[in-house]
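J.: build me a structure from this.
(chains A and B)
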Amino acid sequence: MYDFDDIDRALFSLQLEEPPQDLRASILAVTAAAPREAVLARPFTLLDFALAGTVLTVALCLSLAVLSGHGWPSLEATIRMLGSELANPTVLAWLGAGASTAIWLSLATWMPMRAGVRSSRA
Amino acid sequence: MNPSSAILSDADANLVAATLGGASEAFGTLVERYDRAVYNLCLRTLRDPEEAKDATQEAFFKAFRALRTFRPEAKFSTWIFSIAYHACCDRLQRRKRFTGGEMPDRADVGPGPDVQAERRDEARELRAAIDALPEKYRAVITLYHLQGRQYDEIAEVLRLPMGTVKTHLFRAKELLRRRLAGLRDDSAAEGAD
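T.: Next up is the predicted model:
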């Protein structure tokens, strides 16, 4: 009959299993042995995000203008509208909030940080 | 710090610093040091050698890319185990999504005659019993007994309170005790026949 001491003894004497022979090589191939630029490259740069955001914003503005019955705005009207909006402190505050969020998101790595933070207490 | 001299030092934090300083081979030393342990954690969590290999590779790749976020005062082992364990959890979630439900536990599948024959060996019996445990217990047993990690480190890796880790460990051992006792009873009954 097994008791807890038997289980403990058996578990502590259990050996770790050998990993596949090519495991280490496959890890090194995508980390230490890989070209640094390839490993650290992000799929999209900050410029890509800025460009995509600008295109989407312009498309949204034009769509709203058409849907609201004003038709396609002229270039002069668009510049005038942008000028008046950029002079508005509320709009500027929202733009600042958006930009800071975009910068924060671009710096985030989405990796688990908690282990590192908490183990600093140990 | 001179990256080459840092590699000579055996502290994980120095190896991380050397890697960040441009000496990629220092990361190779970290891989040599932890690949077996990480693989075993993945293997016990996923119960699939091929997927465990992929998860191990994924964990080291993520760690390498995020090395700048590693805090020197933290333990590298805790960090890499945490990345690996959560990579495994993501894979288990994906499995559930693709199979449309919980993966059947090995305990639910009765062992065939060939499997029973293999389990004569005590270590194999024990490994099979560990594999039959629920996932949360498998991870605790692997980290505590097979890898000799302390309660606080396991709590950090699994993101659980330390009390829960101790409870999991107790329940896991109780389940193992029952299962192994059951196997012994079955063997004794077969012997009597």
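J.: ok, A:E85 touching A:V91?
T.: Yes - contact criterion Cβ atoms under 8 Å: A:E85 and A:V91 qualify, at 5.0 Å. For glycine as for every other residue, the C-beta is placed from the backbone atoms N, C-alpha and C.
J.: show me which residues of the helix or strand B:T78 falls within are buried.
T.: Under the criterion of DSSP states H and E, B:T78 resides in helix B:76-99. For helix B:76-99, the neighbour count (16 or more other Cβ atoms under 10 Å in any protein chain shown) marks B:76-89, B:91-92 as buried.
J.: same for the lengthiest helix in chain A, what does it pack against?
T.: Longest helix in chain A, counting residues (DSSP state H): helix A:46-67. Counting contacts by 3 or more Cβ pairs under 8 Å, 6 or more residues apart in numbering or on different chains; DSSP states H and E, helix A:46-67 packs against helix A:89-107.
J.: please see if the helix it packs on touches chain B.
T.: No - using Cβ under 8 Å from any Cβ of the partner chain, helix A:89-107 stays clear of chain B, with a minimum separation of 10.1 Å.
J.: so where's chain A uncertain?
T.: A:1, A:36-44, A:70-73, A:106-122 (pLDDT under 70).
J.: then chain B?
T.: Within chain B, the ranges that satisfy pLDDT under 70 run B:1-10, B:98-121, B:183-193.
J.: quick check, central residue of it?
T.: Residue closest to the average C-alpha location in chain B (Cα atoms, centre = their mean): B:L41, at 1.3 Å.
J.: which strands and helices lie in contact with the host helix or strand of it?
T.: Element membership of B:L41, judged by DSSP H and E, is helix B:25-46. Contacts defined by 3+ Cβ pairs under 8 Å, 6+ apart place helix B:25-46 against helix A:23-30, helix B:3-8, helix B:12-20, helix B:49-65, helix B:76-99, helix B:135-141.
J.: mind running it again at 10 Å?
T.: Counting contacts by 3 or more Cβ pairs under 10 Å, 6 or more residues apart in numbering or on different chains; DSSP states H and E, helix B:25-46 is packed against helix A:23-30, helix B:3-8, helix B:12-20, helix B:49-65, helix B:76-99, helix B:122-131, helix B:135-141.
J.: go through it and flag the buried ones.
T.: Neighbour count says helix B:25-46 has B:26-31, B:33-46 buried, by 16+ other Cβ under 10 Å.
J.: could you export that helix as PDB, CA atoms only?
T.: In PDB, the C-alpha atoms belonging to helix B:25-46 read as follows (Å, rounded to 0.1, in the frame of the first residue of the first chain):
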ATOM      1  CA  GLU B  25      26.300  32.600 -27.700                       C
ATOM      2  CA  ALA B  26      25.500  33.500 -24.100                       C
ATOM      3  CA  PHE B  27      21.900  32.700 -24.800                       C
ATOM      4  CA  GLY B  28      23.000  29.300 -26.100                       C
ATOM      5  CA  THR B  29      24.300  28.600 -22.500                       C
ATOM      6  CA  LEU B  30      21.000  29.500 -21.100                       C
ATOM      7  CA  VAL B  31      19.300  27.200 -23.600                       C
ATOM      8  CA  GLU B  32      21.700  24.300 -22.600                       C
ATOM      9  CA  ARG B  33      20.900  25.000 -19.000                       C
ATOM     10  CA  TYR B  34      17.100  25.000 -19.200                       C
ATOM     11  CA  ASP B  35      15.900  23.300 -22.400                       C
ATOM     12  CA  ARG B  36      15.500  19.900 -20.700                       C
ATOM     13  CA  ALA B  37      13.600  21.300 -17.700                       C
ATOM     14  CA  VAL B  38      11.400  23.500 -20.000                       C
ATOM     15  CA  TYR B  39      10.800  20.500 -22.300                       C
ATOM     16  CA  ASN B  40       9.700  18.300 -19.400                       C
ATOM     17  CA  LEU B  41       7.300  21.000 -18.100                       C
ATOM     18  CA  CYS B  42       5.800  21.300 -21.600                       C
ATOM     19  CA  LEU B  43       5.700  17.500 -22.000                       C
ATOM     20  CA  ARG B  44       3.900  16.900 -18.700                       C
ATOM     21  CA  THR B  45       1.500  19.800 -19.400                       C
ATOM     22  CA  LEU B  46       0.700  18.900 -23.000                       C
END
